[in-house]
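Student: Structure of the sequence below:
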Amino acid sequence: MEKSVKLSESFKLGIIIAYAIVIALSIDSSKTIFIPFYSIPGHLLFATILFYGYFVIITGWIEFYSLLQRFEHQGRFVYRKFVIDLGILFLFYYIIVGGSNTDEGYLIPDIYLFITPLLYFLFTLKDMYGVRDYQDNMLIKYRNMSRNFFFISILISLLYLTETYATGFQSFGAIAFYRDLIFAFLVLALIVVYRIMRWRQFNTAVAT
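Tutor: Numbering: from 1, shown residues only. This next block holds a predicted model:
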């Protein structure tokens with residue numbers, strides 16, 4: 001049996017600082033897309049991927065802080081959840097690198113095929129540990145929702161694989177560009193809907 005562990009204030013601060021450091025490092029990686037601003041339409045696909053990455057991590061950072069206020073960060077799986085947070089940070093940075101490489105190392109397909117499903121898998125795993133620590137109804141809803149979105153992300157991955165096969169595994173050209181752009185908006189819309197639904201559940205739980 002694992003003993004209950006209480007997260008110290010310095011450890012909580014360390015997690016928040018880790019988020020801030022990775023975000024700061026990613027800004028330097030993505031400046032070629034966002035600076036100057038008028039260059040964004042010329043790199044629409046890459047800019048959309050970067051927006052996707054930043055939305056993932058900034059909303060995750062806000063959610064982490066909000067849940068920290070609601071729950072005493074204590075339980076048997078505190079450090080496992082910390083490792084998962086580090087994994088999410090790595091996937092975020094991978095998205096940023098993928099959205100910043102406009103000349104070489106085309107990594108956009110990786111984001112649809114592997115990174116997005118892995119991201120929702122880690123979301124689900126973290127929510128599962130949260131439920132086992134606190135047995136809170138809101139966290140149970142979070143877990144169920146994350147699991148559903150994980151399956152949706154797998155379907156998106158399979159759909160992208162099918163589309164890529166249908167277009168002869170093209171990575172460049174007009175067909176590949178519009179295919180990748182459609183999926184970029186799709187994964188961006190998916191994370192926006194996911195966060196909105198979680199925030200609605202959180203606000204409902206706080207109100208009651």
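
Student: just for this structure, where's the confidence low?
Tutor: Within the chain, the segments meeting pLDDT under 70 span 1-12, 71-78, 102-105, 133, 169-172, 205-208.

Student: At which residues are the strands of it located?
Tutor: Using DSSP state E, the strands of the chain run over residues 5-6, 74-75.

Student: Distance check, residue 15 against residue 197.
Tutor: Distance, residue 15 to residue 197, by CB to CB, to the nearest Å: 24 Å. (C-beta placed from N, C-alpha, C; glycine too.)

Student: Next up, the contacts around residue 98.
Tutor: Contacts for residue 98 were tallied using CB atoms under 8 Å, 6 or more residues apart in numbering; they are 49, 107, 108, 110, 111, 115.

Student: Tell me the one of those residues nearest residue 177?
Tutor: The closest of the contacts of residue 98 to residue 177 turns out to be residue 108 (CB to CB; 9.9 Å).

Student: What helices and strands are in contact with the longest helix belonging to the chain?
Tutor: As assigned by DSSP state H, the longest helix anywhere in the chain is helix 174-207. Applying 3 or more CB pairs under 8 Å, 6 or more residues apart in numbering; DSSP states H and E, we find helix 174-207 packed against helix 44-70, helix 108-110, helix 137-166.

Student: rewinding a little: looking at residue 15 and residue 197, which one has more neighbours?
Tutor: Taking neighbours as other CB atoms under 10 Å, residue 15 and residue 197 compare with residue 15 leading, 20 against 15.

Student: mind checking how far that one is from residue 84?
Tutor: 11 Å.

Student: same thing with residue 13?
Tutor: Residue 13 sits 18 Å away from residue 84, going by CB to CB.

Student: More neighbours: these two, which one.
Tutor: Applying other CB under 10 Å to residue 13 and residue 84 shows that residue 84 carries more neighbours, namely 20 against 10.

Student: So the more buried one versus residue 20, what's the distance?
Tutor: From residue 84 across to residue 20, the span is 18 Å (CB to CB).

Student: coming back round to it: compile the helices and strands packed on helix 174-207 into TSV and extend it with columns for distance to residue 96 and mean neighbour count.
Tutor: Shown next, in TSV, are those (distance: least, CB to CB, whole Å; neighbours: other CB atoms under 10 Å):
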stretch	distance to residue 96	mean neighbour count
helix 44-70	5	18
helix 108-110	12	19
helix 137-166	19	16
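
Student: Could you export those helices as CSV, including distance to residue 27?
Tutor: Shown next, in CSV, are the helices and strands packed on helix 174-207 (distance: least, CB to CB, whole Å):
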stretch, distance to residue 27
helix 44-70, 9
helix 108-110, 20
helix 137-166, 26
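
Student: Thanks again, I'm all set now.
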